[in-house]
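Enquirer: Generate a structure from the sequence data that follows.
(2 chains)
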Number of protein chains: 2
Amino acid sequence: MKNTIEVCFSPHSFPLYPHEECIVVVIDVLRATSSMCTALHYGVEKILPVASVVEARNFQSRGFLVAAERSAHRVEGFDLGNSPFEYMQPNLKGKVIVFTTTNGTQAIRVARDAYKIAIGSFLNLTALCQWLAVQHKNIILLCAGWKDFFNLEDTLCAGAIASKLDSTGMFETNYDSTMASKSLYEIAQKDLYGFMENSSHFKRLAKLNLQDDIKFCLKPDQAPVVPLMEGNYLVPFKK
Amino acid sequence: MKNTIEVCFSPHSFPLYPHEECIVVVIDVLRATSSMCTALHYGVEKILPVASVVEARNFQSRGFLVAAERSAHRVEGFDLGNSPFEYMQPNLKGKVIVFTTTNGTQAIRVARDAYKIAIGSFLNLTALCQWLAVQHKNIILLCAGWKDFFNLEDTLCAGAIASKLDSTGMFETNYDSTMASKSLYEIAQKDLYGFMENSSHFKRLAKLNLQDDIKFCLKPDQAPVVPLMEGNYLVPFKK
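Expert: Next up, the predicted model:
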C-alpha cells in the first residue's frame, strides 16, 4: 500500500487528524520555518522551539540566545527576530537558539505526539522531499497558517511538497486538501511572488518593508537541510 | 467601505470567525444544500433543519415528513434521503420537511448566531448572488466539508459565489481563503465534474452509483431560489 499525503490547513484543525504514526511537516513559510531552515543550514547547532514569550524570557534569563516574534515584529528585549537574513551571521555558528513565533512554534507544539516532526519551507524543498520519500510513513503537511486561519503561502508550499513527492509515484495524494494545494501550486508556481501579492501576510509584511524577506522565503532550495525534532530540539538530519 | 467575503472551510473553524453581523451562506454541494434548494424551488413550503437523527425521529413520531441521511445513505425508517431528485415530486408541494444530514445541517447549527443564514449551492448560484449583492452585509461562505474536514466541492462553490460577487466590484475578496477558492474555481469551472473525479466525496458517492446526483448538483441555476433561515425554518426568499 502507498503511503498517504494529507494537508492540514491550520493547527486548529490538526487534532482531527490521526497523527501518532505520521511524519508531520510543519510549514510556516513567512517566516518561521524559513528562518529555522536558514539557521540550521548556516551552522546553528540546534533550535529549541517554545510556544510562549514567557517561556522564551525564562530561557533568556538563563543566558540562552533567544529569537522572539509576534505579529511580524521582533519582541522587544530579545536577541533575534524572524527574518531569515538574521540567521546567516557567522557568529551564530555552533550556537543553540531558543525560538518563539506567532504561528510556527505553536504548530510544532500541537504536533508533539506525531511519530516525527520535520520542518518544511521552500528553502529546503528538494532536500526535505528526498528525505520524506525514503521514510515509508504517512505524511501530514501541517500549515501553520495565521492565528489558526488558512493562509496562502503555507498552502502553496504544501502543494509544492505534495507535487514533488507525487511525481515519484510512491504516494497516495487524492485527498481533497492535497488536491487543492497541488492545484493552487500549479497555477502559482511560475510567479509565486506575483500570486502572493494580494495575500494577507504578504501585505502585512510588505507594510513593514520586508519584501526581501518574502522574495527569499519563496526561493526553492536556498537552505538544503532537513530540520527534525529530536527530543525538545530541532537539529539538522545527518546522513 | 466595501463589504467583505471570507470563506470558512469547515464548521470546526467557524467559531474563529466573528459572524454575528454577517450573512453566513452554508454550502454543502453534495448533497444537502443542493437538495434543500431543489425542494424549495419545486414547491416544498419550508424545511426544518435538525442536527441529530434523534431529533429527526422525534419529529417523525409526531407525524412530520422527515429526511435523514448519514454517510451518504438514507437512514432506515425515514421518508426521504439526500438526493435532489427525491425533492422534485409533485406530492411534496406545500409540505413541511424535517431534514438532517451528515454535514449540512450541522453547519447550519454552528452558524445559528449569524445575522442571517442563507443556503448556497451551484443550483441557486445566480439567484443567491443577486440577493447577496443588495444586502450590504459582510459575507462568510461556510463550507460544510466532510466531518469537519476540508472538501473540494464546497470550496469550488464558494469560489463560484465569490467570483460572481467580486465581478460587481462591490466586495473586498482579498482574503487568503477567498483567493484560494476563487483560483480553484477558475481552473475547475470548465469541467467541474472532471475536476472532482478524484475527490473524496465524489468517490464515496460514485461507489453508490450516484453519478447522476453529482452531475445535477454541479449544474448552475437549476433551482433559482434563495433559502433563508427564518426562525427555525428555511423558507424561500420572496421579493
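
Enquirer: Flag every residue of chain A that's near chain B.
Expert: Chain A comes close to chain B at residues A:9-10, A:12-13, A:16, A:146, A:148-152, A:155, A:174-177, A:179-180, A:183-184, A:186-188, A:198-201, A:203, as judged by C-beta under 8 Å from any C-beta of the partner chain. From N, CA and C alone the C-beta is placed, and that goes for glycine too.

Enquirer: Drop anything exposed from those residues.
Expert: Buried members of the residues of chain A next to chain B, scored by 16 or more other C-beta atoms under 10 Å in any protein chain shown, are A:9-10, A:12-13, A:146, A:148-152, A:155, A:174-177, A:179-180, A:183-184, A:188, A:199-201.

Enquirer: Can I get the worst-scoring helix or strand of chain A on mean pLDDT as CSV, trimmed to CA atoms?
Expert: Scoring the helices and strands of chain A by mean pLDDT, DSSP states H and E places helix A:200-206 at the bottom, with a mean of 88. Output of helix A:200-206 as CSV, limited to C-alpha atoms (Å, rounded to 0.1, in the frame of the first residue of the first chain):
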residue,chain,number,x,y,z
SER,A,200,-2.9,38.8,3.8
HIS,A,201,0.5,38.1,5.2
PHE,A,202,2.3,39.5,2.1
LYS,A,203,0.5,42.8,2.7
ARG,A,204,1.2,42.6,6.4
LEU,A,205,5.0,42.1,5.8
ALA,A,206,5.2,44.5,2.8
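
Enquirer: Show the subsequent helix or strand relative to it.
Expert: helix A:211-217 (DSSP states H and E).

Enquirer: can I get the CA coordinates of that following helix in CSV?
Expert: Output in CSV follows, covering the C-alpha atoms of helix A:211-217 (Å, rounded to 0.1, in the frame of the first residue of the first chain):
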residue,chain,number,x,y,z
GLN,A,211,9.7,42.4,0.6
ASP,A,212,13.3,41.0,0.5
ASP,A,213,12.3,38.5,3.2
ILE,A,214,9.3,37.4,1.2
LYS,A,215,11.3,37.0,-2.0
PHE,A,216,14.0,34.9,-0.3
CYS,A,217,11.4,32.7,1.5
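
Enquirer: Okay, buried residues for the following helix or strand past that helix please.
Expert: Downstream of helix A:211-217, the next assigned helix or strand under DSSP H and E is strand A:227-230. Neighbour counts using 16+ other C-beta under 10 Å place A:227-229 of strand A:227-230 among the buried residues.

Enquirer: same check, this time on stretch A:89-99
Expert: Under the neighbour-count criterion of 16+ other C-beta under 10 Å, stretch A:89-99 has A:92, A:97-99 buried.

Enquirer: What is the end-to-end distance of it?
Expert: 16 Å (C-alpha to C-alpha, to the nearest Å).

Enquirer: can you check stretch A:164-174 too?
Expert: Chord length of stretch A:164-174, first to last residue, is 14 Å (C-alpha to C-alpha).

Enquirer: can you give me the helices in chain A?
Expert: Along chain A, the segments classed as helices by DSSP state H run A:32-41, A:53-61, A:104-110, A:125-133, A:152-166, A:176-188, A:192-196, A:200-206, A:211-217.

Enquirer: for those, which one sits closest to B:R112?
Expert: Closest to B:R112 of these is helix A:176-188 (C-beta to C-beta; 26.1 Å).

Enquirer: From the contact counts, what lies against that closest one?
Expert: Contact here means 3 or more C-beta pairs under 8 Å, 6 or more residues apart in numbering or on different chains; DSSP states H and E; on that basis helix A:176-188 packs against strand A:3-8, helix A:152-166, helix A:192-196, helix B:152-166, helix B:176-188.

Enquirer: before we move on, back to that, lowest average pLDDT across the helices of chain A?
Expert: In terms of mean pLDDT, the lowest-scoring of the helices of chain A is helix A:200-206 (a mean of 88).

Enquirer: Tell me which of the helices of chain A sits most buried.
Expert: helix A:32-41 (a mean of 29; mean count of other C-beta atoms under 10 Å in any protein chain shown).

Enquirer: What are the contacting residues of that helix?
Expert: For helix A:32-41, the surrounding residues in contact (C-beta atoms under 8 Å, 6 or more residues apart in numbering or on different chains) are A:26-28, A:46-47, A:49, A:67, A:69, A:82-88, A:92, A:97, A:99, A:101-105, A:119-124, A:144, A:216-217, A:222-225, A:227, A:234-236.

Enquirer: same thing but at 7 Å, please
Expert: A:26-27, A:47, A:82-84, A:87-88, A:92, A:97, A:99, A:101, A:103-105, A:119-121, A:123-124, A:144, A:217, A:223-225, A:227, A:234, A:236 (C-beta atoms under 7 Å, 6 or more residues apart in numbering or on different chains).

Enquirer: List buried residues within those.
Expert: Buried by 16+ other C-beta under 10 Å: A:26-27, A:47, A:82-84, A:87, A:92, A:97, A:99, A:101, A:103-105, A:119-121, A:123-124, A:144, A:217, A:223-225, A:227, A:234, A:236, out of the contacts of helix A:32-41.
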